[in-house]
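Visitor: give me a model of this one.
(chains A and B)
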Number of protein chains: 2
Amino acid sequence: MEKPATPDHSILDVIQRRWSPYTFADRAVEPEKTRCLLEAARWSASAFNEQPWRFILATKDNPNAYAKALGCLVEANQGWAQQAPVLILTVTRTTFIRNDNPNRVHQHDLGLAVQNLITQATSMDLFVHQMAGVDLDKVRKEYNLPSGFEPQTAIAIGYGMDPADMPDELREKEQAPRSRSPLADIVFGETWDQPSPIVKET
Amino acid sequence: MEKPATPDHSILDVIQRRWSPYTFADRAVEPEKTRCLLEAARWSASAFNEQPWRFILATKDNPNAYAKALGCLVEANQGWAQQAPVLILTVTRTTFIRNDNPNRVHQHDLGLAVQNLITQATSMDLFVHQMAGVDLDKVRKEYNLPSGFEPQTAIAIGYGMDPADMPDELREKEQAPRSRSPLADIVFGETWDQPSPIVKET
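Guide: Have a look, this model is predicted:
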């Protein structure tokens, strides 16, 4: 199902086509495609090239590993996410390897990597839905995370479901229109909360 | 100057070509291109679609605004970043609009948006260098950030510089090889720190 952004200024097709479905086709993701997703994340920028991102990867063809990852989502997310053939739990290293000081931007840099994963996925006709609704304590315990690593988000990945196959209540949810604040509300110039002249011209 | 990633698995050209230079050509970025960058960021995913990202945009053709933004970088970054025709200071809203509760993923979601900005930039032959080295207190004071908003990073944007035009010491720095940890070090399966079978196959 297509649900492109409706941008006011031209953006890459692969950014415009991205959206976050609650439904996925009953179809595995090819392992080589999964590696391409992670490879796109791997080459992201990070402060001091610390690469603070870690990915716990679970696929449906390994039921034990999949159940373990799925069980770490909050219940509301387990409902729809269990359709996705690939689940990832993200974790960050919160301190620098070089000097053990806190890395103030570990979550930010994870976001950079995950967006590259998503863009790569979109280019391969895969869909991604991210979740902040994760049982963080459960991730820590189930995977025995060592000190200095913190669980962050979860990511569901799969092929899109044909709207004809969706349950009615989900089809309606999927077809809800997309919306974003205008640029003038998020891009300021010399003064906070005053639109930059560059976006006011639009 | 090209300095592509050397991926082990096929990734999008626009992800492979991205790198973070310390040098920029003496050439303005067209305002419409700048809007396209911000538009790409605008359509990013975020928890509850809260869009916690804010961008303080400064361009060299507005010297006062540019000096104000540049002055908020740590000194080491001011040295090279003052070549860039466009500077952005990023800020996040740290609480949810809907209920004033803390948004645990505000920095992460900023990272998603910034990576879309970078991918859009790369597609338009622009280069981006992000900085964590920002004088956070100075941003807060200079822009009178209201409570609930926190400064995060800075972003330098511009066209690439021809290596022939680079000072010798910077040319050397720019040509340093790129490196990343192997997938097996960052992608785990059922057990923490044990490579996922999917990346072990590689």
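Visitor: C-alpha from now on. contacts and neighbour counts both.
Guide: OK.
Visitor: the spatially most central residue of chain A: which element?
Guide: Here the mean C-alpha position of chain A is nearest to the C-alpha of residue A:130 (Cα atoms, centre = their mean), at a distance of 3.9 Å. Under the criterion of DSSP states H and E, residue A:130 resides in strand A:126-131.
Visitor: neighbouring strands - and their directions - for that strand?
Guide: Strand A:126-131 pairs in its sheet with strand A:149-159 (antiparallel), by DSSP bridges.
Visitor: need the residues that contact the partner strand.
Guide: If you take Cα atoms under 8 Å, 6 or more residues apart in numbering or on different chains as the criterion, strand A:149-159 is touched by A:24-29, A:73, A:81, A:84-94, A:107, A:125-134, A:136, A:139-140, B:105.
Visitor: now those residues: which count as buried?
Guide: By neighbour count, with 16 or more other Cα atoms under 10 Å in any protein chain shown, the contacts of strand A:149-159 hold A:24, A:29, A:73, A:81, A:84-94, A:107, A:126-134, A:136, A:139-140, B:105 as buried.
Visitor: can you list contacts of the helix or strand of chain A with the lowest mean pLDDT?
Guide: Here the helix or strand of chain A ranked lowest by mean pLDDT, DSSP states H and E is helix A:168-174, holding a mean of 90. Helix A:168-174 is contacted from outside by A:21-23, A:163, using Cα under 8 Å, 6+ apart.
Visitor: just the C-alpha atoms of it, please, in PDB.
Guide: This file holds the C-alpha atoms of helix A:168-174, laid out as PDB (Å, rounded to 0.1, in the frame of the first residue of the first chain):
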ATOM      1  CA  ASP A 168     -11.300  -3.700   8.500                       C
ATOM      2  CA  GLU A 169     -10.200  -1.800  11.700                       C
ATOM      3  CA  LEU A 170      -6.600  -1.900  10.600                       C
ATOM      4  CA  ARG A 171      -7.300  -0.900   7.000                       C
ATOM      5  CA  GLU A 172      -9.000   2.200   8.400                       C
ATOM      6  CA  LYS A 173      -6.000   2.900  10.700                       C
ATOM      7  CA  GLU A 174      -3.600   2.400   7.800                       C
END
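Visitor: quick check: buried residues in it?
Guide: Residues of helix A:168-174 classed as buried: A:171, A:174 (neighbour count, 16+ other Cα under 10 Å).
Visitor: work out for me the element the closest residue to residue A:31 other than its chain neighbours sits within.
Guide: Leaving aside its chain neighbours, residue A:31 sits nearest to residue B:198 (6.2 Å; criterion: Cα to Cα, 6 or more residues apart in numbering or on different chains). Taking DSSP H and E as the criterion, residue B:198 maps to helix B:197-200.
Visitor: what's next to that helix, contact-wise?
Guide: So helix B:197-200 is contacted by A:31, A:34-35, B:183-184, B:187, B:189 (Cα under 8 Å, 6+ apart).
Visitor: let's see it at 6 Å
Guide: For helix B:197-200, the surrounding residues in contact (Cα atoms under 6 Å, 6 or more residues apart in numbering or on different chains) are residue B:184.
Visitor: what's the next secondary structure element after the strand holding residue A:130?
Guide: Per DSSP H and E, the first helix or strand lying C-terminal to strand A:126-131 is helix A:136-142.
Visitor: average pLDDT for that following helix, rounded please.
Guide: Helix A:136-142 shows a mean pLDDT of 98 in the predicted model.
Visitor: tell me who's in contact with residue A:132.
Guide: Each residue near residue A:132 by Cα under 6 Å, 6+ apart is listed here: residue A:153.
Visitor: find me the pLDDT at it, would you?
Guide: The per-residue pLDDT reported for residue A:132 equals 98.
Visitor: likewise for residue A:179?
Guide: Model confidence at residue A:179, given as pLDDT, is 96.
Visitor: check residue A:201 too.
Guide: Residue A:201 is assigned a pLDDT of 57 by the prediction.
Visitor: show me what the top helix by length along chain A is packed against.
Guide: If you go by DSSP state H, chain A has its longest helix at helix A:106-123. Counting contacts by 3 or more Cα pairs under 6 Å, 6 or more residues apart in numbering or on different chains; DSSP states H and E, helix A:106-123 is packed against helix A:31-42, helix B:106-123.
Visitor: can you list the contacts of helix A:168-174 in a markdown table and add secondary structure and neighbour count?
Guide: Converted to a markdown table, those look like this (DSSP: H, G, I helix; E, B strand; the rest coil; neighbours: other Cα atoms under 10 Å in any protein chain shown):
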| residue | secondary structure | neighbour count |
| --- | --- | --- |
| A:21 | coil | 25 |
| A:22 | coil | 21 |
| A:23 | coil | 28 |
| A:163 | helix | 16 |
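Visitor: how about these in JSON lines, adding distance to chain B?
Guide: JSON lines is the format used below for the contacts of helix A:168-174 (distance: Cα to the nearest Cα, whole Å):
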{"residue": "A:21", "distance to chain B": "11"}
{"residue": "A:22", "distance to chain B": "14"}
{"residue": "A:23", "distance to chain B": "17"}
{"residue": "A:163", "distance to chain B": "22"}
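Visitor: where does chain A come near chain B, residue by residue?
Guide: Neighbours of chain B within chain A, by Cα under 6 Å from any Cα of the partner chain: A:9-11, A:36, A:40, A:54-57, A:65, A:107-108, A:111-112, A:115, A:143, A:186-190, A:192.
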